[in-house]
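Participant: Everything below, folded, please.
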Amino acid sequence: MTGRRKPEVQIAELRRLIEEHNHRYYVLDDPQITDEEYDRLFRELEDLERAHPELAVPNSPTARVGGAPIQGFSPVTHGVPMLSLANAFSDSDIIDFDRRMRERLGIEWLDYCAEPKLDGLAVSLRYERGALVRAATRGDGATGEDVTENVRTIPTVPARLHGACPRDMEVRGEVYMPRSGFVALNQRQQERNLRLFANPRNAAAGSLRQLDPRVTAGRPLKVFFYGLGGVDGVFPDTQYALLGAFADWGLPVNPEVRRVRGVTGCLEYYRVLRDRRRTLDYDIDGVVYKVDRFDRQAQAGFVARAPRWAIAHKFAAEEVHTLVESISVNVGRTGAITPVARVRPVQVGGVTVTNISLHNPQELARKDVRVGDTVSIRRAGDVIPELVRVLTEHRPLDAEPFQFPKACPVCTAPIVREGNGIIARCSGGLFCPAQRKQSILHFASRKAMDIEGLGEKLVDQLVDKGLVHDVADLYLLAAETLAGLERMGPKSAQNLKDAIDASAATELPRFLYALGIPQVGEATALALTRHFGSLEAIADADHERLQEVPDVGPAVAEGVYVFFRQDHNREIIRRLRAAGVSWPPMPRRPGSLPLQGRTVVLTGRLESMTRDEARAGLIALGAKVAGTVSARTDLVVIGAEAGSKAQRAHDLGVRTITEDEFRELLAGRLLSSQ
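Facilitator: So this is what the prediction gives:
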């Protein structure tokens, strides 16, 4: 290859060869050279580019190793919005969908393009003259984040397309992490004592949104492409033919794509994929049907933020069987004693499940779970695993009922029962090391004081060694003390010390939530601070004044009132303030909250916040958050993949807002229009 040719000629030829071999390996699954030969070509290109930096281009195959870290993600406006899909959960839903399509189009039957619905992260890639120039996340459908440098590192993404593709176009796809790659990634994380990922989707999303592209390059990401955004040029007239063209151009397409006839073909495809889903090396949570002909898609049109001509047929919650290996009890930060079944590890809903909460003594007794039992468990989406039932026909003859302890397994203090015996609680209070540890972990959690790096193993050491007795002690720790802990060197100790110091500058709602007051979650903490304006006013309030706050009833008011009348709690707060914990003033909004008396419904997936955070923000503005849309609903917030609630709001004429508008509402910029 080297010869006497000019460097630019050698580099161009090497890039062409490497891209061709990438296409054969990743798209056609037909490699023509060995890994050793490929590595030799790649190293030769790296050496030439290093010797001639003036010839570097962003679409070079060497860019896949990742460039320098970036400062942040810039917003990208999609030329054509990335829409959500309506969901169906039964055969009858699909029969109705097909009937509506045929009636609207005035025809007797339809061909559909049927595709697996990947559980990954949607992206839009723009190619100009065949070269990749930009990649963006879905975001809110209208605006996403620029992740071009990270997407370039994904081996299955072609830097340049093949053949006679349109001059300029945006292609849509799903970035995912194969199950095999997910297992290998978590093994590496465990070996390095790093945080494990919960499931492949979270791992894929976290990997794609790294500020350092080199981190993304080290993650086993792949992508399947499924659609077009804007396009300048000629393209096929059906969805199925378009996906065939994608493959010809070098864009990976899911091999399970099929063209099916009518509703019978759709349902047969669904059953086949449902039965085969666990044999695939990637997670799917359903299938998608699209009217195949583009002219008929245009005729069918759109409704709300979704096309009429496509629908997602979701799989039912997966249910699997496993064995109960032991039953124990956990002590929470408020002393609540929770029984937990430790089960033989089993994959369900894309996650390995080893523990299942049995919630309380009554639930344990009602289900009569015993060691040695075979149990059925299920998990849908990101829902916590649930023990559905015990298969008593498989119960061992010597299986004995679980005897709930009378004393705390950690501090031996008596266990007391509350709420007609439903709640069991350790009476040891902060004397109990388990409660102390849990209160510290809660204080340091992301939604509270957000002390990055302070995990369970470190808290165990800090408490067990007598270095931390309560949360105020955290701010007195020296980096040298932290460096003496197991698996902590000087650098990691200083990083943790810096994180603790940085957390001192916080916000009042976070601080109030971090204190761990019984029944005061994020929403209640925000509502209290919005209403009273200061910690002192909250601490001095009596029951009657506390119940003036939206969603604060007698039980919550009692918890807050009692907490602030205990001397040791006030002392801890005093010490925290003395250590530098502070927050900016918060304006008081008593009795005149902007959404007071309004009913709001959240539907779809929010990209910029969790559902709990959204609910907390609404409650803080005085709104009542409901689960269903009715004529009495005042406002519906529509996130990604919104379903029937969005349609019902449209039918009833209820006002709807996008996630962007919702963020403005929370920030106060839309309040005048409410």
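Participant: okay, and the helix or strand of this structure with the least pLDDT?
Facilitator: helix 611-620 (a mean of 75; mean pLDDT, DSSP states H and E).
Participant: what's that helix packed up against?
Facilitator: helix 522-532, strand 599-603, strand 624-626 (3 or more C-beta pairs under 8 Å, 6 or more residues apart in numbering; DSSP states H and E). Glycine gets a C-beta too; all of them are placed from N, C-alpha and C.
Participant: who's in contact with that helix?
Facilitator: 447, 509, 521-527, 529-530, 550-551, 593, 595, 600, 602, 606, 609, 625, 637, 662, 666 (C-beta atoms under 8 Å, 6 or more residues apart in numbering).
Participant: Show me which positions of the helix or strand hosting Lys437 end up buried.
Facilitator: Counting by DSSP states H and E, the element that carries Lys437 is helix 433-444. By neighbour count on 16 or more other C-beta atoms under 10 Å, the buried set for helix 433-444 is Pro433, Ala434, Gln435, Arg436, Lys437, Gln438, Ser439, Ile440, Leu441, His442, Phe443, Ala444.
Participant: Then stretch 508-528?
Facilitator: Neighbour counts over stretch 508-528 (16+ other C-beta under 10 Å) mark 508-517, 520-528 as buried.
Participant: Could you do stretch 490-497 as well?
Facilitator: Ser492, Ala493, Asn495, Leu496, Lys497.
Participant: Could you do stretch 41-49 as well?
Facilitator: Leu41, Phe42, Glu44, Leu45, Leu48, Glu49.
Participant: Kindly report the same for stretch 103-112.
Facilitator: Buried-residue list, stretch 103-112, by 16+ other C-beta under 10 Å: Leu105, Leu110, Asp111, Tyr112.
Participant: Touching, Ala247 and Val253? I think so.
Facilitator: Yes. With contact defined as C-beta atoms under 8 Å, Ala247 reaches Val253; the gap is 4.9 Å.
Participant: number of nearby residues for Val183?
Facilitator: Using other C-beta atoms under 10 Å, Val183 has 12 neighbouring residues.
Participant: Check the one 4 residues further on too.
Facilitator: When counting by other C-beta under 10 Å, one arrives at 11 neighbours for Gln187.
Participant: three-state assignment of it?
Facilitator: Under DSSP: H, G, I helix; E, B strand; the rest coil, Gln187 falls in the helix class.
Participant: Which residues are in contact with it?
Facilitator: For Gln187, no residue meets the contact criterion (C-beta under 8 Å, 6+ apart).
Participant: Residue nearest the middle of the protein, spatially speaking?
Facilitator: Asn202 (5.4 Å; C-alpha atoms, centre = their mean).
Participant: Now do the buried residues in whichever helix or strand that residue is part of.
Facilitator: Secondary structure from DSSP H and E places Asn202 in helix 200-208. For helix 200-208, the neighbour count (16+ other C-beta under 10 Å) marks Pro200, Arg201, Asn202, Ala203, Ala204, Ala205, Gly206, Ser207, Leu208 as buried.
Participant: For Ser503, state which of these is nearest.
Facilitator: Of all these, Gly206 has the smallest distance to Ser503: 21.9 Å, by C-beta to C-beta.
Participant: Test my guess that that closest one contacts Phe197.
Facilitator: Yes. Using C-beta under 8 Å, Gly206 makes contact with Phe197 at a distance of 7.0 Å.
Participant: coming back round to it: of the buried residues of helix 200-208, which pair is most distant in space?
Facilitator: Pro200 and Leu208 (12.4 Å).
Participant: Okay, the nearest residue to Asp140 once chain neighbours are set aside and Gln32: tell me how far apart.
Facilitator: Residue nearest to Asp140 in three dimensions, not counting chain neighbours: Glu659, with 4.6 Å by C-beta to C-beta, 6 or more residues apart in numbering. From Glu659 across to Gln32, the span is 47 Å (C-beta to C-beta, to the nearest Å).
Participant: do Ala88 as well
Facilitator: Separation of Ala88 from Gln32 (C-beta to C-beta): 43 Å.
Participant: ok, these two, which is more surrounded?
Facilitator: Comparing Ala88 with Gln32 by other C-beta under 10 Å, the one with more neighbours is Ala88, at 23 against 11.
Participant: What residues are bridge-paired with that one?
Facilitator: Beta bridges link Ala88 to His313, judged by DSSP bridges.
Participant: can I assume it is in contact with Ile94?
Facilitator: Yes. Contact criterion C-beta under 8 Å: Ala88 and Ile94 qualify, at 5.4 Å.
Participant: between those two, what contacts are shared?
Facilitator: Ile311, His313.
Participant: and Val637, what is it in contact with?
Facilitator: Val600, Val601, Leu602, Thr603, Leu606, Ala614, Thr656, Ile657, Glu659, Phe662.
Participant: hmm, 10 Å instead?
Facilitator: 600-604, 606, 614, 618, 625, 645-646, 649, 656-659, 661-662, 665 (C-beta atoms under 10 Å, 6 or more residues apart in numbering).
Participant: So what does it look like in phi/psi?
Facilitator: phi -90, psi 120 (degrees, to the nearest 10).
Participant: Closest one of the buried residues of stretch 41-49 to Val556?
Facilitator: Phe42 (61.5 Å).
Participant: Check that closest one and give its pLDDT.
Facilitator: pLDDT recorded at Phe42 is 78.
Participant: what about it, helix or strand, and which?
Facilitator: Short version, using DSSP H and E: Phe42 is in helix 35-51.
Participant: I'd like the next helix or strand past that helix.
Facilitator: Sequence order places strand 75-77 as the next helix or strand after helix 35-51, per DSSP H and E.
Participant: buried sites along whichever strand or helix holds Arg577?
Facilitator: Assigned by DSSP H and E, Arg577 falls within helix 567-578. Neighbour counts over helix 567-578 (16+ other C-beta under 10 Å) mark Asn569, Ile572, Ile573, Arg575, Leu576 as buried.
Participant: Are there helices or strands packed against it, and which ones?
Facilitator: The helices and strands touching helix 567-578, judged by 3 or more C-beta pairs under 10 Å, 6 or more residues apart in numbering; DSSP states H and E, are helix 508-514, helix 535-540, helix 554-563.
Participant: which among the buried residues of stretch 41-49 gets closest to Pro361?
Facilitator: Phe42 (61.2 Å).
Participant: count of neighbours near the nearest residue to that closest one once chain neighbours are set aside?
Facilitator: Spatial nearest neighbour of Phe42, chain neighbours left out: Ile18 (6.2 Å); criterion: C-beta to C-beta, 6+ apart. Residues near Ile18, counting by other C-beta under 10 Å, number 20.
Participant: who touches Ile18 in this structure?
Facilitator: Tyr38, Leu41, Phe42, Glu44, Leu45, Ser60, Pro61, Thr62, Arg64, Ala159 are the contacts of Ile18 under C-beta under 10 Å, 6+ apart.
Participant: Only the buried residues of stretch 641-661, if you could.
Facilitator: Taking 16+ other C-beta under 10 Å as the criterion, stretch 641-661 shows 641-643, 645-649, 654, 656-659, 661 as buried.
Participant: Sorry, slip of the keys, the one I care about is stretch 152-171.
Facilitator: Within stretch 152-171, the residues that count as buried by 16+ other C-beta under 10 Å are 152-162, 165-166, 168-171.
Participant: that older thread, can I get the least confident helix or strand of the chain as PDB, trimmed to CA atoms?
Facilitator: Taking C-alpha atoms only, helix 611-620 is exported to PDB below (Å, rounded to 0.1, in the frame of the first residue of the first chain):
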ATOM      1  CA  ARG A 611     -42.500  11.200  35.800                       C
ATOM      2  CA  ASP A 612     -42.000  11.800  39.500                       C
ATOM      3  CA  GLU A 613     -40.100  15.000  38.900                       C
ATOM      4  CA  ALA A 614     -42.900  16.200  36.500                       C
ATOM      5  CA  ARG A 615     -45.500  15.300  39.100                       C
ATOM      6  CA  ALA A 616     -43.500  17.200  41.800                       C
ATOM      7  CA  GLY A 617     -43.400  20.300  39.700                       C
ATOM      8  CA  LEU A 618     -47.100  20.300  39.000                       C
ATOM      9  CA  ILE A 619     -48.000  19.700  42.600                       C
ATOM     10  CA  ALA A 620     -45.700  22.600  43.600                       C
END
